[in-house]
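Chemist: Build me a model:
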Amino acid sequence: MSKDLRVHIAPVGYDSNRVFEPLIKMKADKVYFILHILDNRNHSPYLLQIKKKIKKSEVEQIDEKIDIWDFYECMSRFKRIILNEKQNGNKVWINVSSGTKITAMAGILSCMAWGAVPYYVKIKYPERQKMNEIEIEEVEKTIFPPVYGIEKPDSISMIILNLLNQKSGRIRKVHLIKELVSMEQIKAKSGWGDNSVMQAKHSQLRTLLEPLLDQEFIEVEARGPKSEVILTERGKESLRFFGNEKSK
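Modeler: Below you'll find the predicted structure:
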């Protein structure tokens, strides 16, 4: 398998040169075209024009169909491509000037999280003549991508978030302790009494949960011995953003 390849991720919308020219100028070896799964993009005149222009360059072309209006789906696909290519020793760029604004935001964050390089292609617009009437666009809906720190939770925090996700978003503390003990994430010294051992385990769990509580990724619902740890919407967002493919 070839290494040191120059790999591009290029969402395709209503531009051709904006996608085509960077592939040639930056000497791309491979390109992933990000296409809208709901459209028959194989017959898009823009995609056909791009493919026709790069045909002689022998750039390897891969079509990836996703919902380009779904922020998390874009993040998930970008993550998979970036990590797979980097694992093979290749460098990845993302064109954040083509496609939708959702793919652009997902592209920027993916580069920050997983070590790809974003680029924006500025185009020259023709001068517009004075318009007699302002065109009024029809608004379909407003989308709010999540905004929070880009720092990834540590490994034990990710383990806890994944456990919560597997348990439908909530788990009793005693059951969470049992799971973490089986993973050797919580330990107690041998020779202690049963009560001391359980207190030590609860103390360790409290320490592990504090960062997640501070970041509002979880909530603790106190019901005496039946206290539960609950995955919040913010925690679900973090898990979808940083979690492995199995957690999506």
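
Chemist: pLDDT wise, what is residue 22 at?
Modeler: Residue 22 carries a pLDDT value of 89.

Chemist: For burial, what's the neighbour tally of it?
Modeler: Under the neighbour criterion other Cβ atoms under 10 Å, residue 22 is assigned a count of 21. Every residue, glycine included, has its C-beta placed from N, CA and C.

Chemist: for it, phi and psi?
Modeler: Torsion angles at residue 22 (phi, psi; degrees, to the nearest 10) stand at phi -60, psi -30.

Chemist: Low-confidence ranges, the chain, go.
Modeler: Judged against pLDDT under 70, the low-scoring parts of the chain cover residues 1-2, 39-43, 125-151, 188-195, 224-225, 244-248.

Chemist: Downstream of the longest helix seen in it, the next helix or strand is which one?
Modeler: In the chain, taking DSSP state H as the definition, the longest helix is helix 194-214. Read in the C-terminal direction, the helix or strand following helix 194-214 is strand 218-221, with elements assigned using DSSP states H and E.

Chemist: Just checking: what are the partner strands of that next one?
Modeler: strand 228-231 (antiparallel) (DSSP bridges).

Chemist: Which stretches in the protein count as helices?
Modeler: Listed in chain order, the helices found in the chain under DSSP H are 17-25, 45-54, 71-87, 101-114, 155-166, 173-182, 194-214, 233-242.

Chemist: Could you name the helices and strands sitting against the shortest one?
Modeler: It stands for helix 17-25. With contacts defined as 3 or more Cβ pairs under 8 Å, 6 or more residues apart in numbering; DSSP states H and E, the packing partners of helix 17-25 are strand 6-11, helix 45-54, strand 91-95.

Chemist: What are the contacting residues of that helix?
Modeler: Outside of helix 17-25, the residues that reach it under the criterion Cβ atoms under 8 Å, 6 or more residues apart in numbering are 8, 10, 12, 28, 31, 33, 46, 49-50, 53-54, 57, 59, 93, 95, 97-98, 119, 121, 123.

Chemist: Let me know the angle separating it from helix 45-54.
Modeler: Helix 17-25 and helix 45-54 meet at an angle of 20 degrees, taking axes from the mean of the first three to the mean of the last three Cα atoms, to 10 degrees as the criterion.

Chemist: Residue 174 and residue 207, how far apart?
Modeler: If you measure residue 174 against residue 207 using Cβ to Cβ, to the nearest Å, the figure is 17 Å.

Chemist: what's the answer for residue 230, then?
Modeler: 19 Å.

Chemist: can you pull the contacts of residue 155?
Modeler: Listed by Cβ under 8 Å, 6+ apart, residue 155 has no contact partners.

Chemist: With the one 4 residues further on instead?
Modeler: Contact criterion Cβ under 8 Å, 6+ apart gives 180, 183, 185 as the residues in contact with residue 159.
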